[in-house]
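Visitor: need a structure here:
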Amino acid sequence: MSLYFSNSSSMKYLTVFCVLVISYLLQAQVAQAQDEWFAADDTFYLNSLDPLTLDILLNDVLPGGGPGSDTIVYEIGVEDTPNYGEVSYIDESTLLYTNTSDLLNFVDSFQYIVYVYETSTGEVYNLTAQVYIIAGCGEDCVWPGDANSDGIANAWDVLPIGQHYGDVGPARPDASIAWEGQFSETWASPIGEANDVNHVDCDGNGEINDADVIPIDLNYGLTHAKTAHINDPMLDLALFIEFTSDTIAPGATVNADIVLGNEDSLAEDVYGIAFSIFYPAELVDTGSLSIDFSESWLAADGSTSTLLSLYKDLGSGSVEAAITRTDQENTTGFGTLAKMSFVMEEVIISDKTEVFSDIPVELFFGSVTLLDKDGDVISINAFGDEAIIASTNDLNPSPTDFNFRLRPNPAHTISHLDWSTDQAVHHIQLFDQCGRLIRTETPEPQSYSHSLNIHGLARGIYFVKLLNNDSNTIGSRKLIVF
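Guide: Numbering: from 1, shown residues only. Okay, here's the model as predicted:
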């Protein structure tokens, strides 16, 4: 096909038309290319005090040419100032970041702009992106011993080790158990909204096992800049301390059971527990306190090899402890979690019983956290116990007192009394902790048991007395109501 123009004027119009079409097509090509250009955000890791080279254009999609090109050229500029360092230029496409702070762990950022010059049209296009500098381990450091990432290494950190026992993940580079923030890759399964399982790998070897308890012990009580949170106990399941004897001699070894649940209120689907206990430091021989978990009912099939435990006497009247299973299986039951023992100081006591009957030895719980295998908190109510420093005469209870027991104890609605004595029990009295008589009940004649209704009583410590026909005390026992 051919075109014929009758005069030069027509040729002139055609030339203008062709120029316009070509210009349009070129602009359309540039516009399409613009849609494909972008500057991508960058993350760099700063693991020393040395300046860090930032080759920020490596992951950007830019037009052909580049620095030094005569067709399309571009250069970079820093839009804002970082908080913890300074940025300088190495060349047209590379920056240098220098830490000017005294910090080793932080996250810094700044924005950069890529200026793209299209030389054929004279157009300038701006592409922006963000640069992140993670120094050390940034804001989410792993601190060896703080397995639950609450800001402190203590007994509560044993629980997530039991929960994730046997899990594996990336080992920490240059891992140590020194108390410092350390970088760690994230693991696959999170503990919660803010914490990752990499915190549970306390020694950083890539496997969660018994060895992860060692950094907790070595760094016990050390803190870092995070807000600690411990769940408050609720009124539901009973955790209690029970002295094996209500009277204590100076210089004697004192034993107490730490008990979770009872036959009327089972501890259902539990996995691990951490707690603190306060004791009278001025009455306890320094360094004599211990907690033994070897007979804990939490053990699977009675084997303590499935358990992890830790206790730490803080030396100022408080001890913290934890015990957890490691088989990822909950258990249900009740009984002794641990046995606590300590030696009394050689207290000088008067010959008069009344004087030292006013010297109580009280144990009570501070914080308590009970968890299931998924890390969910189980509500619990904790009770302490009290014994009395007594004279030698008071340390030898009569056979009738020795054979008097309450089941269950603690109790919520009914406690069953059983006794064995050569004296007939005519009355049963219930007193509160202040010595006020709450009620008197009469058992069946010639009986050796009685069910005491405690429904509706306020939670706390009460005392149950058995009286003979002359209203003399045969025996007494402490009862905890929850």
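Visitor: ok, now which ones touch Glu207?
Guide: Taking C-beta atoms under 8 Å, 6 or more residues apart in numbering, we find Glu207 in contact with Gly166, Asp167, Val168, Asp201. In short, each C-beta sits where N, CA and C put it, glycine included.
Visitor: residue contacts, the last one?
Guide: Counting by C-beta under 8 Å, 6+ apart, Asp201 makes contact with Val142, Gly169, Ala171, Arg172, Ser184, Trp187, Glu207, Ile208, Asp212.
Visitor: next one: the third one
Guide: Shown in contact with Val168 (C-beta under 8 Å, 6+ apart): Gly206, Glu207, Ile208.
Visitor: Beta-bridge partners for it, please?
Guide: Note on Val168: beta-bridge partners by DSSP bridges are Glu207.
Visitor: how close does it sit to Leu452?
Guide: In this view, Val168 and Leu452 are 54 Å apart by C-beta to C-beta, to the nearest Å.
Visitor: Just the buried ones from the contacts of Asp201?
Guide: For these, a burial check counting by 16 or more other C-beta atoms under 10 Å picks out Val142, Gly169, Ala171, Arg172, Ser184, Trp187, Ile208, Asp212.
Visitor: what residues are up against the closest residue to the first one other than its chain neighbours?
Guide: The spatial neighbour of Val142 that comes closest, neighbours along the chain excluded (C-beta to C-beta, 6 or more residues apart in numbering), is Ser184 at 4.4 Å. With contact set as C-beta under 8 Å, 6+ apart, Ser184 has these partners: Cys137, Val142, Pro170, Arg172, Asn198, His199, Asp201, Gly204.
Visitor: These into a markdown table, with extra columns for distance to Gln433 and pLDDT?
Guide: Listed next are the contacts of Ser184 as a markdown table, based on distance: C-beta to C-beta, whole Å; pLDDT from 0 to 100:
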| residue | distance to Gln433 | pLDDT |
| --- | --- | --- |
| Cys137 | 51 | 64 |
| Val142 | 47 | 87 |
| Pro170 | 55 | 91 |
| Arg172 | 52 | 87 |
| Asn198 | 48 | 90 |
| His199 | 43 | 91 |
| Asp201 | 47 | 95 |
| Gly204 | 50 | 93 |
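Visitor: Could you measure from Asn209 over to Ser420?
Guide: 49 Å.
Visitor: Likewise for Ala155?
Guide: According to C-beta to C-beta, Ala155 stands 40 Å off from Ser420.
Visitor: Leu127 now?
Guide: From Leu127 to Ser420 the distance is 90 Å (C-beta to C-beta).
Visitor: Neighbour count: these two, which is higher?
Guide: For Leu127 and Ser420, the more surrounded residue by other C-beta atoms under 10 Å is Leu127, and the numbers stand at 19 against 11.
Visitor: partners of the more buried one in the sheet?
Guide: Val114.
Visitor: shouldn't it be in contact with Ala39?
Guide: Yes - counting by C-beta atoms under 8 Å, Ala39 is a contact partner of Leu127 at 4.0 Å.
Visitor: tell me which element Glu444 is part of?
Guide: Using DSSP states H and E, Glu444 is not contained in any helix or strand.
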